[in-house]
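Peer 1: 3D model of this:
(chains A, B, C and D)
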Number of protein chains: 2
Amino acid sequence: MTAAPAESPAPVPGAPSGSARERILETAFALFYARGLRAVGIDTIIAESGVAKATFYKYFPSKDDLILTYLDKVDGVWTGQLHAAAASAGEDPADQLVGLFDALYSSCQREGYRGCAFINAAAESAPGTAIHTRTVAHKQAVLAWLETLAARAGAAQPGQLARSLSLLLDGGLASGALDADPAAAEAARATAALLVQQSTRRPSAG
Amino acid sequence: MTAAPAESPAPVPGAPSGSARERILETAFALFYARGLRAVGIDTIIAESGVAKATFYKYFPSKDDLILTYLDKVDGVWTGQLHAAAASAGEDPADQLVGLFDALYSSCQREGYRGCAFINAAAESAPGTAIHTRTVAHKQAVLAWLETLAARAGAAQPGQLARSLSLLLDGGLASGALDADPAAAEAARATAALLVQQSTRRPSAG
DNA sequence: GCCCCAGTAGACAGACTTGTCTTGTATGAT
DNA sequence: ATCATACAAGACAAGTCTGTCTACTGGGGC
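Peer 2: So this is what the prediction gives:
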């Protein structure tokens, strides 16, 4: 799952932006997310990033290599947003489990939002492929993170709670791409709050 | 969202199955779902269904027409499974709201499960396209159905409950394609039960 | 006998795909 | 001055894609 690219796509060919490799990756980041993996050809990426074909193939031996690097980048960005949203909810892990849904909300609000890059990538790749495997790894990483948070929040069944929150997150990510209604993200957060409260009745609370 | 095709894909070319149109649609149903919309070419569908190219284009003027018909068929199948699962949970709308998640469970269990055909189709189509619009319509239809069920179950906020259940359903559909773990579908059902119970405290219950 | 219809088989056009390879240019180190 | 590096520009191969078109075949109605 991810958000739309936060940086400018830098479509200006002559602009002295970063290295050729960086420009390629930025262009791929914007294009792959916006249009899909198969819909974007190498030639388009090359033209859009103002790079020679030989240069492209120097840094990325194949399109799949570029896609894998793209997924790594998306992972970094999205995980960062998730952690930041959780952190800004305070010290309490229970609050963090709810607060992380703010990342979902702001992602869905973003112009050009087109759902979770990983779910989308999985839809375009066959099971067993490196790309598909990469998406599975990402999902499991998020689930594991959710579970440690749930455990620290003192949930009775951290695995169970993490699973439910992950479902809510994925559902919000997926459906946010279809109806732009922010009500979905809000509902996800509200439901998460209910689940967390239900699972982690702390002694101080009634 | 949908399930894997329940019927045999009928890959035998010489077999005297139904009309040419039917054969094409059945082949497309299996292939599009298993491999994705863009990954399957017209030639593959033609070869697999043992049909001449002219015959194909007689029934489906373009590939997009076939895809749209495919989505209609998926809609019928999945909606049928959803309604059947709900109905077999009994008369009580509250029970039905939980029981419908059995359709999710059995879909995820099915060999060759590859997630929700509509989410996948949305990942492969640009917003505004007929295909993308079709997926949005499907999602809204499911949400509307959930809402009438929630209202009949006496939920305090039927829209809210329907939204949450839809999130859970989409999340289960999407993540079920990544990790084959049936725990996700079970967690979705359990969470749904909790939400329904929470939202529809009937006077007879404590 | 004759014609229409549904179908098969497959050549073909034109565009698009990934990936390789050649040629030329600019810059910075030695 | 020379040489390595990094890069642009683009021709090219070999394959894919969708969609059109021609040529042929078998069966039912008249």
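
Peer 1: please enumerate the helices of chain A.
Peer 2: Counting by DSSP state H, chain A has helices at residues A:20-35, A:42-49, A:53-59, A:63-87, A:93-99, A:101-109, A:117-123, A:130-152, A:158-176, A:183-199.

Peer 1: need these in a markdown table (columns: mean pLDDT and distance to DNA strand D).
Peer 2: Where you see a C-beta, it was placed from the backbone N, CA and C, and this is true even at glycine. Output for the helices of chain A, formatted as a markdown table (pLDDT from 0 to 100; distance: least, C-beta to the nearest atom of the strand, whole Å):
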| stretch | mean pLDDT | distance to DNA strand D |
| --- | --- | --- |
| helix A:20-35 | 94 | 4 |
| helix A:42-49 | 94 | 8 |
| helix A:53-59 | 94 | 3 |
| helix A:63-87 | 97 | 13 |
| helix A:93-99 | 98 | 41 |
| helix A:101-109 | 96 | 32 |
| helix A:117-123 | 97 | 17 |
| helix A:130-152 | 97 | 18 |
| helix A:158-176 | 95 | 25 |
| helix A:183-199 | 95 | 33 |
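
Peer 1: could you dump those into a markdown table with mean neighbour count and distance to residue B:68 added?
Peer 2: Listed next are those as a markdown table, based on neighbours: other C-beta atoms under 10 Å in any protein chain shown; distance: least, C-beta to C-beta, whole Å:
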| stretch | mean neighbour count | distance to residue B:68 |
| --- | --- | --- |
| helix A:20-35 | 20 | 20 |
| helix A:42-49 | 17 | 26 |
| helix A:53-59 | 14 | 36 |
| helix A:63-87 | 18 | 28 |
| helix A:93-99 | 21 | 40 |
| helix A:101-109 | 21 | 27 |
| helix A:117-123 | 28 | 18 |
| helix A:130-152 | 18 | 26 |
| helix A:158-176 | 26 | 21 |
| helix A:183-199 | 21 | 25 |
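
Peer 1: next one: residue A:100 relative to chain B, how far apart?
Peer 2: Residue A:100 sits 15 Å away from chain B, going by C-beta to the nearest C-beta, to the nearest Å.

Peer 1: next one: residue A:200
Peer 2: Counting by C-beta to the nearest C-beta, the gap from residue A:200 to chain B is 14 Å.

Peer 1: what residue in chain A comes nearest to DNA strand C?
Peer 2: Nearest residue of chain A to DNA strand C: residue A:41, at 3.0 Å (C-beta to the nearest atom of the strand).

Peer 1: re earlier: save the helices of chain A as a markdown table, and put in distance to residue B:182 too.
Peer 2: Listed next are the helices of chain A as a markdown table, based on distance: least, C-beta to C-beta, whole Å:
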| stretch | distance to residue B:182 |
| --- | --- |
| helix A:20-35 | 31 |
| helix A:42-49 | 39 |
| helix A:53-59 | 41 |
| helix A:63-87 | 26 |
| helix A:93-99 | 24 |
| helix A:101-109 | 25 |
| helix A:117-123 | 18 |
| helix A:130-152 | 15 |
| helix A:158-176 | 11 |
| helix A:183-199 | 20 |
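
Peer 1: to residue B:107, which of those helices lies closest?
Peer 2: Closest of these to residue B:107 is helix A:158-176, at 14.7 Å (criterion: C-beta to C-beta).

Peer 1: could I get that closest one in CSV with only the CA atoms?
Peer 2: Output of helix A:158-176 as CSV, limited to C-alpha atoms (Å, rounded to 0.1, in the frame of the first residue of the first chain):
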residue,chain,number,x,y,z
PRO,A,158,-2.0,-9.1,19.3
GLY,A,159,-2.0,-11.3,16.2
GLN,A,160,-5.8,-11.1,15.9
LEU,A,161,-5.9,-7.4,16.4
ALA,A,162,-3.1,-6.8,13.9
ARG,A,163,-4.8,-8.9,11.4
SER,A,164,-8.1,-7.0,11.7
LEU,A,165,-6.3,-3.6,11.5
SER,A,166,-4.4,-4.8,8.5
LEU,A,167,-7.7,-5.7,6.8
LEU,A,168,-9.1,-2.3,7.5
LEU,A,169,-6.0,-0.7,6.2
ASP,A,170,-6.0,-2.7,3.0
GLY,A,171,-9.7,-2.2,2.5
GLY,A,172,-9.3,1.5,2.9
LEU,A,173,-6.4,1.6,0.5
ALA,A,174,-8.2,-0.5,-2.1
SER,A,175,-11.6,1.2,-1.9
GLY,A,176,-10.1,4.6,-1.7
